[in-house]
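1. coords please:
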Amino acid sequence: MNRLNHSPTTLITRKYMYLRWMVRKDDLGIDFGLWEKIKPAQLLIPQDIHVGRVARKLGLLKRKQSDWEATIELTENLKKFDPLDPVKYDFALFGLGVVDKFANE
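-> Model (predicted):
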């Protein structure tokens, strides 16, 4: 039984997550901020099923597919809240997405 989903979308999401950890720096130790040549404003949001579902529900994402265009659309909409660090909203969107009550309302 294969426990890991190796779809292209999942692999890209993992790469974006890794970039987030290495580029962003926070006081909680979640994001390490070791790579200083890349700015947080250059990152794209790691979009999984949870992030996409919540983003659609909040009106941040109109595209139904979770693909490259959806990642760009969501990142651009999050830049309206913080153009220097749009990816910082990833954890909040993900957290809301895993709470079944919110996601299924």
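2. How far away from the center of its chain is the host helix or strand of Gly95?
-> For Gly95, the element it lies in under DSSP states H and E is helix 90-98. When C-alpha coordinates are averaged (Cα atoms, centre = their mean, to the nearest Å), helix 90-98 and its chain have centres 9 Å apart.
3. Now do the buried residues in it.
-> 90, 93-94, 96-97 (16 or more other Cβ atoms under 10 Å). (C-beta placed from N, C-alpha, C; glycine too.)
4. what about the helices in the protein?
-> Counting by DSSP state H, the chain has helices at residues 8-23, 49-57, 68-79, 90-98, 100-103.
5. What residues sit buried inside the second one?
-> When burial is assessed from 16+ other Cβ under 10 Å, helix 49-57 yields the following buried residues: 50-57.
6. pLDDT on it, on average?
-> Across helix 49-57, the average pLDDT comes to 91.
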